[in-house]
Every structure is written in C-alpha cells, then in structure tokens.
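J.: requesting a structural model of the entry that follows:
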Amino acid sequence: MSSEVLFARKASGLVREATLPDTILFGIMNNGAMAATWYYLSSTPYLFPGVNQVLSFIIAAILLTFGFTMVWGFLGAAMPRSGGSYVYNSRIIHPAIGNAVSFCNAAFVMSAWIWVLAPWIADPGLVILVSAMGKPADTVAWWTQPVGMYLLATLANVLALLVVIAGLRTYFRVQRVLIGCSLLAVVVCGIIYSTTSHQQFVAIWDQYAATYNSLTFEETIAAVKQVFEIPETWNWTSTLGALLPISWVTIYGYVIAFIGGEVKSPRRNIFIGQISNALIMLILTAWLGLAYEKMLGWDGWHAVCYIENEGLEGYNFPFPPIFAILASMCVGFNPAVGAFLGLGFIFADFMWVTFSYIAFSRGLFAWGMDRLGPMWFTDVNPKVHQPLKLLFLEFILGQLGLTWYVVNPAMLAGFSVEVMQLLSVFGITMISGIIFPYVKKVRHIWEASPHKEWKIAGIPMVTISGILGLIMVCICVWANFYTEGMAVLNVIWTPIYIAVWIMGLLWYFIWKWYRAKEGIDITLAFKELAPE
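T.: Model prediction:
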C-alpha cells in the first residue's frame, strides 16, 4: 500500500516557524513561571512538612536533567513531528497505547486545563493583583463568585482562541511579551526575598498585624502549631515527596513535543529546548524557594502555607498570604510593583489556557494523519497554518468544562489533572525511551537519530535517561497518593483516569475497524513517520 493511500496527506500543512528562543520559551511557558511558582511555594510544606529543599532540588536536578528532559529531547530529535507523545508511543510501543495516552493528554487533559485555568484569571488571579496593590481582596469579591468568574473565564477563553487562530507567529509574539513579564516578576520576587532578612520580615508582618488587628508573626506560628504539626527538622519522606511540587514547575516543558513539526532545525533545537527550559525553571524555583524559606523561617513557611490552604482564626489580614502578595508587602505595597507581580501571575495563567488549544489540535491532528479519526482532523488553513476546525471544537469543550468548574470548582483540581499526565503520559513515554533502541520495528528511526552514538558503557543514553526519568515519575506518583491532602481527590479521580484510558483504547480499535472496512490497514502507518 503506497504512503499516498495510507496517510491522510502527502504533507502536513504545518510550517516550521519556531526558532530556538521560541522553542525554549514555549517550554518555559508551560512550566508556568509565576503561576506554577505559586503552586510550589504555597503547597510544598503544607503537603510535605519537613522538606529539605536543598536535597530535593539536588535530587530533582539529577533525575530531571539527565533523565526526564533528555528522553523528550532524544525522542523529539529522532521523530520531529507535531502531535506530542502520541507520535513516539504509537511507533515504539503500540498504536493503541499511543492513542490512549494521547486521548488522556491531548484530548482530555488539555480540555481540563481550560476548565481549571481560565477561571483562575479571576481567583486567585484578580485576588493576587488587587491584594499586591494594597487593596482588600474583597474589592474583587464579585468576580470570584460564579457569575463574575464565568464572565472573566469566558473572556480569557475567547482571547486564547483568537491568539491561536491568528497563527503561531502571532502566538510567539504574544508569548515573548507575556511570559517575559511573568519571568521578570519571578525575578523581582526573588530579589525581594533575598534582600529581606527574617527579622525585617517579622517586623513588617507585625506592623501590618497591628493595622489589621491580626496575630503577630510569633502568635501566628503558635496558633498554627495548635492545629498543624510543624516538624522540628527535615525528614526523607517529605524531601522525596517534594519532587512532586518541584515537578509542577519543571517537567511541563515537555510540551515542545506538540510542535515538533513546527520547530526550525528540529534535531538540534528540540533537544536543546527540552533541556534548557527545565534547567531555567529549576534554577529560578530553587532560588525563590530557598530565599522564601530564609525570609519566613522554617516555622514561618510552614505556618504561612497552612493558612493559605486552611485559613486560621485570628489571621485578619484582608488578603491571603500568597507569595506575590507577601513580596509586595515587603516593599510597602508599592502599586507599580504590586500590579507587575499580579499581572505576572495572570499572564502566565492566560498562556496556559492559550497553549491548551495548540496541544489539543496537534494531538488530534496527528491522529488524523494516521487515519485515527475523521479526515477533517487534518484540515489546515493555508493562511495561518492552523487546524481551525479542531480549535473551534476545543473552544466548545473548554467552555462546557469551565461552566462546570465555576459551579463546582473542587471537582476539578490542577493537582489531580497532573496525576493523569504522570501516569498516562510521562511514565509511558519514559518506557518508550528505555526500549527505543531495542524495538525492531523502529530500528530504522533509531539508526537515523542524531543521538544514536550517545552511550555510557555501551548502553544508549536514551535508555539510561528513560530509567532515571521513570524513577522521577514513580516518586511523583507515590507522593501524590501518599500525601493526606490529596486523598479525597484521589478517590474522585482514580475512576476518571481508568474511564478515559478505556475510551482512548476504544477510539483506536473502533477507527481501526472502520478503516479496515474501507480497505485501509492503518497498522502500516505506524511503521513509518507521518509526512512532514
């Protein structure tokens, strides 16, 4: 059977428009900058009290740099096609597994991120913005309620769609500005934390505590200790468990895989981009986390995180103790600084929403190229080089989901969405990396890889990296199911993980059967890469 008959198109219609800086920033964008930093700083000692950050970041650096990111770099350089992990796993392991993984990630998770993250523009986005500018959080209370949140989330969803419809060139221009500002906001927070001593912070806290008739810093710690056990020193369980929140800020640059067919000089730039974006975020997060702990003190960081997650009787500040707000408090709530820090969070969150359109459309587009879906999945507008029909489909799904979220936000938690990716995307792809050099059906792809000679003691580096990456994924999955704070969400989400996986498998076998009726054996497609 000829490739013209087998594949949906002779050429994808996508264009290589991403430079190396665009590629690196694309990875940094999905690692979240100010938004994911909030994840890390506000939850780590709450979920894992007694974490030794220095050791956690050293372990993460080893497993991340030489393991997780290298696998994505090796696979992306060997198979530079858009579509995410679907391309790699469908060729290396089995098309049914590749499709199920992609169904979870590109179809379900990317829609779920819109559901969760578009409403975050309102809460905590607007809350951080006005609070960092020195105004009470109640100022934007209406916008954090269902109607106001729905309006802002819908606006964010519409704007995100428009940015992507305009084409990747427009997207990259927007990305440079918004993610550049968000990264600079992270740096501003780091400078403030690094230049504010613990004694100075305590004095500032107590000054505002007197203003708001709230507990002093020492009284706050004492009150928290009555309801939350703060360890006297660090422990290994929490130190390893902290790799989970570190992953929230470092591993999501894998998304470069979704635009692999749109990266210039892909065999070089995909590999460099995968390593670089993770290292940049790891270094920034380590600096921020250690400086934040130094400023707040051991007990103080645990106490502040507890208050942010649970609240505390006697804490009467008119704003939550979120890291960006505390940074602004240290400089007297300067309006310009506060606005910049608040917008840094909103910009990072908005780009997450925008990216979901790219990932969703590229995943389903790759299915269409392999005949696993209707032919309109492969329709690409020649002017903007975008699969517009898929983008509009994602808008509808995202809008339905965020409608559900604003009514019942507890049901869709970002933490749980990530666990589906850990289990269904990252773990499976690490296995693909481990076995890549040894799978006969992709031997010709491996032999054409620019990294086939990278070996240690005769073992391909991609295999070694896959093992290290899989260790990191396993630690993160264990940490999720170990921590008490995730227990309720796990009960809700574990059946969802299973159901979506089953749907992904069914999707493959139904389309395989349907194409067979048309006289097309789609299994032949998975012996080759789809056309560029």
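J.: export only the CA atoms of stretch 360-380, formatted as CSV.
T.: What follows is stretch 360-380, C-alpha atoms only, in CSV (Å, rounded to 0.1, in the frame of the first residue of the first chain):
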residue,chain,number,x,y,z
PHE,A,360,-5.3,19.7,21.7
SER,A,361,-5.3,20.5,18.0
ARG,A,362,-1.8,19.0,17.4
GLY,A,363,-2.7,15.8,19.2
LEU,A,364,-5.9,15.2,17.2
PHE,A,365,-4.2,16.3,14.0
ALA,A,366,-1.6,13.6,14.5
TRP,A,367,-4.4,11.0,14.9
GLY,A,368,-5.9,12.2,11.7
MET,A,369,-2.6,11.9,9.8
ASP,A,370,-2.6,8.2,10.8
ARG,A,371,-6.3,7.8,9.9
LEU,A,372,-7.4,7.5,13.5
GLY,A,373,-10.3,10.0,13.2
PRO,A,374,-12.4,11.8,10.6
MET,A,375,-10.5,13.4,7.7
TRP,A,376,-11.3,16.9,8.8
PHE,A,377,-8.9,16.4,11.7
THR,A,378,-6.1,17.1,9.2
ASP,A,379,-7.6,20.2,7.6
VAL,A,380,-5.1,23.1,8.0
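J.: so how far is it off the chain centroid?
T.: On the basis of CA atoms, centre = their mean, to the nearest Å, stretch 360-380 sits 23 Å off its chain's mean C-alpha point.
J.: what's the average pLDDT for that stretch?
T.: Across stretch 360-380, the average pLDDT comes to 95.
J.: which positions within that stretch qualify as buried?
T.: For stretch 360-380, burial by neighbour count (16 or more other CB atoms under 10 Å) applies to 360-373, 377-380. No exception for glycine: its C-beta is placed from N, CA and C like everyone else's.
J.: which of the residues you listed fall in helices?
T.: Among the buried residues of stretch 360-380, the members falling in helices (DSSP state H) are 360-369.
J.: worst-scoring helix or strand of the protein, pLDDT-wise?
T.: helix 3-6 (a mean of 57; mean pLDDT, DSSP states H and E).
J.: following element in sequence after that one, please.
T.: Per DSSP states H and E, the first helix or strand lying C-terminal to helix 3-6 is helix 20-31.
J.: which strands and helices sit next to that following helix?
T.: Applying 3 or more CB pairs under 8 Å, 6 or more residues apart in numbering; DSSP states H and E, one finds that helix 20-31 contacts helix 168-195, helix 266-296, helix 335-369.
J.: right, and the helix or strand after it?
T.: Proceeding N to C from helix 20-31, the next assigned helix or strand is helix 34-47, under DSSP H and E.
J.: check which helices and strands that following helix sits against.
T.: With contacts taken as 3+ CB pairs under 8 Å, 6+ apart, helix 34-47 sits against helix 168-195, helix 243-250, helix 266-296, helix 298-310, helix 323-330, helix 335-369.
J.: quick check: chain neighbours aside, which residue is closest to Arg45?
T.: Quick fix: residue 45 reads Pro, not Arg. Residue nearest to Pro45 in three dimensions, not counting chain neighbours: His302, with 4.5 Å by CB to CB, 6 or more residues apart in numbering.
J.: mind checking how far the helix or strand hosting Glu218 is from the chain centre?
T.: According to DSSP H and E, Glu218 maps onto helix 217-225. Here the centre of helix 217-225 is set off from its chain's centre by 34 Å, with CA atoms, centre = their mean.
J.: next, the angle from that helix to helix 298-310.
T.: For helix 217-225 against helix 298-310, the angle by axes from the mean of the first three to the mean of the last three CA atoms, to 10 degrees is 60 degrees.
J.: tell me the buried residues in the helix or strand following helix 217-225?
T.: Tracing the chain past helix 217-225, the next element assigned as helix or strand by DSSP H and E is helix 236-241. By 16+ other CB under 10 Å, the buried positions in helix 236-241 come out as 238-241.
J.: between these, which is nearest Gly148?
T.: Among the buried residues of helix 236-241, Gly241 lies closest to Gly148 (CB to CB), at 36.0 Å.
J.: for that closest one, what are its contacts?
T.: By CB atoms under 8 Å, 6 or more residues apart in numbering, Gly241 lies in contact with 47-48, 51, 475, 478-479, 482-483.
J.: kindly report the same for Leu240.
T.: 56, 59, 475, 479.
J.: at 10 Å what do you get?
T.: By CB atoms under 10 Å, 6 or more residues apart in numbering, Leu240 lies in contact with 48, 51-52, 55-56, 59, 475-476, 478-479, 482.
J.: give me the buried entries from the residues you listed.
T.: By neighbour count, with 16+ other CB under 10 Å, the contacts of Leu240 hold 48, 51-52, 56, 59, 475-476, 479, 482 as buried.
J.: can I get those residues in JSON lines including secondary structure?
T.: Below are those laid out as JSON lines (DSSP: H, G, I helix; E, B strand; the rest coil):
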{"residue": "Phe48", "secondary structure": "coil"}
{"residue": "Val51", "secondary structure": "coil"}
{"residue": "Asn52", "secondary structure": "coil"}
{"residue": "Ser56", "secondary structure": "helix"}
{"residue": "Ile59", "secondary structure": "helix"}
{"residue": "Ile475", "secondary structure": "helix"}
{"residue": "Cys476", "secondary structure": "helix"}
{"residue": "Ala479", "secondary structure": "helix"}
{"residue": "Tyr482", "secondary structure": "helix"}
